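Q: just need the structure, nothing else, for what follows:
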Amino acid sequence: MPADPAPAGPAPDEPGARCPAEPGAAARAPARRVVVDPGGPLLVEGPVEVVLADGTTVRSDRVMVAVCACGRSGRYPWCDTSHRRPVRTRDTGDG
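A: Next up is the predicted model:
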């Protein structure tokens, strides 16, 4: 008897797609909680490793880590609250 076809769902690279769980995977690697703070950083339960665009890896062993989401941090990828400061715009006044 042929096997039932796999149920249709989103492709692996589409939003809403989930990776199939391996048996016992939850016991080996507990899920990390990421809190999205609108207008602020991503709060990640640590310890964490962040891989930057150039391939370097930075690590934090803190219990909770604030990862910069605005790109203005002087300590990138860690948040330094630069998102709280107003963005300066060039004055293009006519007078």
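
Q: and residue 83, that's in a helix?
A: Yes. Residue 83: assigned to a helix according to DSSP: H, G, I helix; E, B strand; the rest coil.

Q: model confidence for the closest residue to it other than its chain neighbours, exactly?
A: Using CB to CB, 6 or more residues apart in numbering and skipping residues adjacent in sequence, the residue nearest residue 83 is residue 70, 4.2 Å away. Glycine gets a C-beta too; all of them are placed from N, C-alpha and C. Note on residue 70: pLDDT of 91.

Q: residue 70: what secondary structure?
A: Criterion first, three-state DSSP; result for residue 70: coil.

Q: what's the local residue count around it?
A: 16 (other CB atoms under 10 Å).

Q: contacting residues for it?
A: Applying CB atoms under 8 Å, 6 or more residues apart in numbering to residue 70 gives the contacts 41, 82-83.

Q: ok, it to residue 30 distance?
A: Look at residue 70 and residue 30: by CB to CB, to the nearest Å, they are 29 Å apart.

Q: quick one, strands of this protein?
A: Taking DSSP state E as the test, the strands found in the chain are 34-36, 42-45, 48-51, 57-60, 64-67.

Q: just give the number of residues close to residue 66.
A: 21.

Q: what's the answer for residue 49, then?
A: Going by other CB under 10 Å, the residues that sit close to residue 49 add up to 9.

Q: before I go, just wanted to say thanks for your time.
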